[in-house]
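K.L.:
Turn this into a structure:
(one chain, ligands or ions: 1)
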Amino acid sequence: MKILWNDKIVDESEVRIDTEDRGYQFGDGIYEVIRIYEGLLYMEEEHLERFWHCADKIRLTLPFTKEEFSQRLHHFAEEVGIENGRLYFQITHGTAKPRLHDFPDAKEVMPVLTADIQTANRPVEKLEKGIRGGFVTDKRWLHCDIKSISLLGNILALNEAKENGYDDAVLVRDGIVTETSASNLWMVKEGILYTHPDGELILPGITKIKVRELATTLGIQLIEEPFTKEQLIEADECFKTSSVAEVMPIVSIDGKNIGKGTPGTVTKQLQKAYIDAIEESVKKM
Ligand code: PDD
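P.N.:
Numbering: from 1, shown residues only. Take a look at the predicted model:
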């Protein structure tokens, strides 16, 4: 597999990450996942925008401009040649010795970037049938808006849900539904779409930006305000969104059907609009 390692494209066997890399030592880094459809880096600009914001939040000075980085990613994608896949990239605060919690001096320590592209097909069967969620207490930190490589909180939640026989964790903090282990969460009640507002309790999803836009076009009213787990159980429809899961129906939570226990009308409308929007962007490429 080819890896983009800082400014070089190398075979994975050539990559050397120091044991003192702050990503490896502290989880001190950020990442992004971009879906590639027919060679198009879907919503690249928005992903880069979030990457830059997250870098600021962890006081990481990116050693390139957005334009330079975009060119580097495009060149890498051409070299790898995967038409339908997902591009993953992460950057850490670099290697600083001795091991100290203090951020290293940006003039002396270079951040370390790696990226890879792997084939990914759309999760068609799950998109049609939906998945089963299970409530899990959201015990993550209060910087969920940072796309941090420290994902232990999310991993623990996902695995707790899986141990209980569910496909994903629907996270609940103080009675309020926030998001899922790796996606934003939505419900539909009496034709109105609800999702948790952006802020420190959730990741501001790029797919969320698109779904907001599509809801407006389709004339679906959207309210971004917190709702409780009891309200969610009583909802007509529920789905989650991410670059990988797209618009994924959640048909039951804790074994209780949401609505009829099948993907709902609004969910299906948004699923179709999402695919149409991708096809439209691919055509314009
Ligand atoms: N996950 N919330 C969390 C906690 C996430 O990890 C993600 C993305 C999202 C949705 O973000 P977006 O729409 O930009 O993909 C929300 C990615 C896919 C991952 O970690 O693999």
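
K.L.:
The stretch 151-285 of the chain against the ligand: which residues are in contact?
P.N.:
Within reach of the ligand by CB under 6 Å from any ligand atom, the stretch 151-285 of the chain has these residues: 154, 179, 182-184, 203, 205-208, 241-244. For every residue, glycine as well, the C-beta is placed using N, CA and C.

K.L.:
What about these, which are in helices?
P.N.:
154, 206-208 (DSSP state H).

K.L.:
possible to save those residues as JSON lines with distance to residue 26 and neighbour count?
P.N.:
Output for those, formatted as JSON lines (distance: CB to CB, whole Å; neighbours: other CB atoms under 10 Å):
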{"residue": "154", "distance to residue 26": "17", "neighbour count": "20"}
{"residue": "206", "distance to residue 26": "26", "neighbour count": "24"}
{"residue": "207", "distance to residue 26": "29", "neighbour count": "23"}
{"residue": "208", "distance to residue 26": "28", "neighbour count": "22"}
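
K.L.:
Adding pLDDT, write these out as CSV.
P.N.:
Output for these, formatted as CSV (pLDDT from 0 to 100):
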residue, pLDDT
154, 98
206, 99
207, 99
208, 98
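
K.L.:
just the residues you listed now: which is nearest residue 63?
P.N.:
residue 206 (23.3 Å; CB to CB).

K.L.:
What sits closest to the closest one if chain neighbours are left out?
P.N.:
residue 46 (4.7 Å; CB to CB, 6 or more residues apart in numbering).

K.L.:
still on that earlier bit, I'd like to know which of the residues of the stretch 151-285 of the chain next to the ligand is nearest to residue 8.
P.N.:
residue 243 (25.8 Å).

K.L.:
Next, give phi and psi for the closest residue to the closest one other than its chain neighbours.
P.N.:
Distance criterion CB to CB, 6+ apart; nearest residue to residue 243, sequence neighbours excluded, is residue 35 at 4.7 Å. The phi/psi pair for residue 35 (degrees, to the nearest 10) reads phi -80, psi 140.

K.L.:
so is the residue nearest to residue 206 in a helix, a strand, or just coil?
P.N.:
helix (DSSP: H, G, I helix; E, B strand; the rest coil).

K.L.:
Can you tell me the number of residues neighbouring it?
P.N.:
Residues within reach of residue 46, counting by other CB atoms under 10 Å, total 16.

K.L.:
Spatially nearest residue to the residue located most distally from the centre of the chain, not counting backbone neighbours?
P.N.:
In terms of distance from the mean C-alpha position of the chain, residue 98 ranks first, at 33.0 Å (CA atoms, centre = their mean). Nearest non-adjacent residue to residue 98, counting by CB to CB, 6+ apart: residue 20, 8.0 Å away.

K.L.:
In this structure the one you found contacts residue 100, no?
P.N.:
No: using CB atoms under 8 Å, residue 20 is not in contact with residue 100; the gap is 10.1 Å.
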